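Novice: how does the following fold in three dimensions:
(one chain, ligands or ions: 2)
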Amino acid sequence: MDFFFPKTCVVCKKAGEYICTNCFSKISYNVKPICAVCNNLSMNGITHPKCFTRYSIDACFSAVVFNFQVRKIVYALKYKPFLSDLISEVSDLFYEVFIQNEMLFNISQKYNPVLIPIPLSSSKMRQRGYNQSELLAKNLSKRLGLQTVNLLIRTKETKPQFGLSKIERKENMKDAFGINNRYIQYFYHPEQREGSRQNNKLNSAFLVDDVLTTGSTLLEAANVLKRNGFKRVYGLCFAREQNF
Ligand SMILES: [Zn+2]
Ligand SMILES: [Zn+2]
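Specialist: Ligands and ions are numbered 1, 2, ... in the order given. So this is what the prediction gives:
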């Protein structure tokens, strides 16, 4: 395939690689850890005790800063699915940053969480034919030895979050997610499943998304999971917008 489609950098178009050395060097890992509820700084992205309620997300983590280079990379993930090497490069990067976070790494070992991608709206899924967050989740879960399950579905069409205020984003995402009926037996008939280790699987989740802005999408998704019996829900995002 390389013969017909020579690789070019998805950021600067230079020939050779999907992310050239120069553009790669401009990726920043200096992501400010913030609480998803109040958007203020918080150690490890853990939801502040004062912000935490019964169905809140426990913590949110992002690997890289959503800067000019990362914006181009995320765009390519969304619209150029044939670049499977790019997905795997991005997932490698995601994984490398992830395993350096001691808290998350310990959670992944101790609680055997499932990775749950944030689903696309059905109109976007029809347009694009795939969900980039699902591809990231699947690649990441493979590297972590965990499972990806499409446990969430979109239950309403939402407006694009771009350009909305924090309050409007929250309102826009309200009731946007539901549980995929195919997996409902995991919640209500745990005795039918094999082995105790498997029973623990759906206690903990990593919600996977490509870009984190105010956190309203993750908060809403976590709310649905916790209402359905999850004990721990953490957000894993590839990139984080620092200015909005
Ligand atoms: Zn480049
Ligand atoms: Zn807070």
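Novice: longest helix in the protein, please.
Specialist: In the chain, with assignment by DSSP state H, the single longest helix is helix 84-99.
Novice: list the helices and strands the helix or strand following it packs on?
Specialist: Later in the chain than helix 84-99, the nearest helix or strand by DSSP states H and E is helix 102-110. Secondary structure elements in contact with helix 102-110, counted by 3 or more C-beta pairs under 8 Å, 6 or more residues apart in numbering; DSSP states H and E, are helix 84-99, strand 232-240. The way it works is simple: take the backbone N, C-alpha and C, and place the C-beta from them, glycine included.
Novice: which residues of the chain fall in strands?
Specialist: 59-65, 114-117, 147-148, 152-154, 177-179, 204-212, 232-240 (DSSP state E).
Novice: residues near Asn181, how many?
Specialist: 8 (other C-beta atoms under 10 Å).
Novice: circling back: from the contact counts, what lies against the longest helix of the chain?
Specialist: Helices and strands touching helix 84-99, as assessed by 3+ C-beta pairs under 8 Å, 6+ apart, comprise strand 59-65, helix 68-79, helix 102-110, helix 132-144, strand 232-240.
Novice: ligand 1: which of these is closest?
Specialist: For the helices and strands packed on helix 84-99, the distance to ligand 1 is smallest for helix 68-79, at 7.7 Å, taking C-beta to the ion.
Novice: how near is the residue nearest to Gln161 when sequence neighbours are not counted to Cys20?
Specialist: Leaving aside its sequence neighbours, Gln161 sits nearest to Arg169 (C-beta to C-beta, 6 or more residues apart in numbering; 5.1 Å). Counting by C-beta to C-beta, to the nearest Å, the gap from Arg169 to Cys20 is 34 Å.
Novice: and what of Asn44?
Specialist: 32 Å.
Novice: how about Tyr183, what does it touch?
Specialist: With contacts taken as C-beta atoms under 8 Å, 6 or more residues apart in numbering, Tyr183 has the following neighbours: Val149, Leu151.
Novice: for it, give its distance to Glu157.
Specialist: If you go by C-beta to C-beta, the gap between Tyr183 and Glu157 works out to 22 Å.
Novice: Pro6 against Glu17, yeah?
Specialist: No - proximity of Pro6 to Glu17 does not meet the contact threshold set by C-beta atoms under 8 Å, at 10.5 Å.
Novice: so for those two, which residue has more residues nearby?
Specialist: Neighbours per residue, other C-beta under 10 Å: of Pro6 and Glu17, the larger number sits with Glu17, 16 against 9.
Novice: what's near enough to touch the nearest residue to Ser56 once chain neighbours are set aside?
Specialist: The spatially closest residue to Ser56, leaving aside those adjacent along the chain, is Thr47, at 5.2 Å (C-beta to C-beta, 6+ apart). Applying C-beta under 8 Å, 6+ apart to Thr47 gives the contacts Cys35, Ala36, Val37, Ser56, Ile57, Asp58, Ala59, Cys60.
Novice: pull the number of nearby residues for the residue lying closest to the third one once chain neighbours are set aside.
Specialist: It stands for Val37. Counting by C-beta to C-beta, 6+ apart, Cys51 is the residue found nearest to Val37 once chain neighbours are left out, at 3.7 Å. By other C-beta under 10 Å, the residues close to Cys51 number 16.
Novice: that's all I had, so thanks and see you.
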